[in-house]
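how does the following fold in three dimensions:
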Amino acid sequence: MLEMVRMRGFASLPELVEQLNVSESTVRRDLDFLEEAGSARRTHGGVYYVGPSPMLPDFEERQPAQWDKKHAIAAEAVRLIEDGDTLLLDGGSTTYEVARRLVGRRLQIVTNSLPVANLFAANKSHELVLVGGYVYPRTGVMLGPYATQMLEQVNVRRTIMSVAGLNDRGFFNSNLLLVESERAMMRAAEEVIVVVDSTKFGHHSLAHLCPLGDVHHVVVDSEITSDWRERLTAAGVNLHVAASETTTIPV
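Here you go, the predicted model:
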């Protein structure tokens, strides 16, 4: 069961019953065990994989950081997505949590991230486009001129991206090549959604991405300060504050 959920990213309860040829009560008991072990998480309609990420150094280091905040942000961010949307997803760890919650929905996905693409590749609900280019080995993200050129040819409804920091100057990320690709992602979209946890506020990183007002939506956890709420609103950003995830939703 765990391998099925891991490979698909998301599986519905009826799918598990049918594929494993066991009773629904057996599936529910096993899901209880997997959830307690931290390998799976139940939600309306099924279960998605939350176990170890692909074996990439940066994911191994960053994914556990601010885990609860990232999950809450992801739950809020997917509320902005409509079935049938065309989405462009970057390779950030918070974006990856958003992607997990989108598995199984009817979407067109464009991504420059191998880990994100792996979530959607085996599910017939999706149309997947993987951006090519130089593979950055720490994160499995495609970077460089080939990636940017391909992104310039793409048109999507929404781009979803993570950032390493933000301050009054705007948004920042830690890699110059990544920022070039993300600017192309922004140009490709009707709407840009930034998913970022509150620990990143007031900080900068190596490369400046864009001013605050250049994005349409920011999704953040509930620990954002009132001062930053006012700053983002004043910049014309639609702010979405996620509630803390304290309960498990049963299948």
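
from memory Ile224 sits against Ala242, does it?
No. When contacts are counted by Cβ atoms under 8 Å, Ile224 is not listed as touching Ala242 (9.5 Å). No exception for glycine: its C-beta is placed from N, CA and C like everyone else's.

those two: who's more crowded?
Summary of the neighbour comparison: Ile224 and Ala242, criterion other Cβ atoms under 10 Å, with Ala242 having more neighbours (23 against 18).

which residues are in contact with that one?
The neighbourhood of Ala242, defined by Cβ atoms under 8 Å, 6 or more residues apart in numbering, consists of 69, 72-73, 75-77, 219-222.

common neighbours of Ile224 and Ala242, please.
Listed as contacting both Ile224 and Ala242 by Cβ under 8 Å, 6+ apart is no residue at all.

closest one to Val17 out of the contacts of Ala242, please.
Comparing these against Val17 with Cβ to Cβ picks out Ala75 as the nearest, at 25.6 Å.

what helix or strand is that closest one located in?
With elements taken from DSSP states H and E, the one containing Ala75 is helix 67-77.

in that helix, what's buried?
Burial within helix 67-77, assessed by neighbour count using 16 or more other Cβ atoms under 10 Å, is assigned to 69-77.

could you do stretch 137-149 as well?
Across stretch 137-149, burial judged by 16+ other Cβ under 10 Å covers 139-144, 147-148.

among those residues, which are in helices?
Where those overlap with helices, as defined by DSSP state H, the overlap consists of 147-148.

same list (the buried residues of stretch 137-149) but as a markdown table, adding pLDDT and distance to Tyr96.
Putting the buried residues of stretch 137-149 into a markdown table (pLDDT from 0 to 100; distance: Cβ to Cβ, whole Å) gives the following:
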| residue | pLDDT | distance to Tyr96 |
| --- | --- | --- |
| Thr139 | 84 | 10 |
| Gly140 | 88 | 10 |
| Val141 | 92 | 11 |
| Met142 | 92 | 15 |
| Leu143 | 91 | 17 |
| Gly144 | 91 | 21 |
| Ala147 | 93 | 18 |
| Thr148 | 93 | 21 |
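
domains in this protein, by residue range?
1-51, 54-241 (automatic domain parsing).

ok so, going back, and of the contacts of Ala242, the nearest to Ser125?
Sorting those by how near they are to Ser125, with Cβ to Cβ, puts Ala77 at the top with 18.5 Å.

ok, that closest one - contacts?
When the contact criterion is Cβ under 8 Å, 6+ apart, the partners of Ala77 are 98, 160, 193, 195, 219, 240, 242.

just checking, Leu80 touches Ile193?
Yes. Here Leu80 lies in contact with Ile193, judged by Cβ under 8 Å, at a distance of 6.2 Å.

what's the pLDDT at Cys45?
To be clear, residue 45 is Gly; Cys isn't right here. At Gly45, the predicted lDDT confidence score is 69.

what about the residue lying closest to Pro211 once chain neighbours are set aside, neighbour count?
Beyond its immediate neighbours in the sequence, the residue positioned closest to Pro211 (Cβ to Cβ, 6 or more residues apart in numbering) is Gly170, lying 4.1 Å away. Other residues within reach of Gly170, judged by other Cβ under 10 Å, total 18.

does Gly170 have beta-bridge partners, and which?
With beta bridges defined as DSSP bridges, Gly170 has these partners: Asn167.

if I look at it, how far off is Val5?
Distance check for Gly170 against Val5: by Cβ to Cβ, to the nearest Å, it reads 38 Å.

same deal with Ser39?
Summarising the geometry, the distance separating Ser39 from Val5, computed by Cβ to Cβ, is 8 Å.

shared neighbours, those two?
Tyr49.

who has more neighbours out of those two?
In terms of neighbours (other Cβ under 10 Å), Val5 is the more surrounded of Ser39 and Val5; the figures are 24 against 18.
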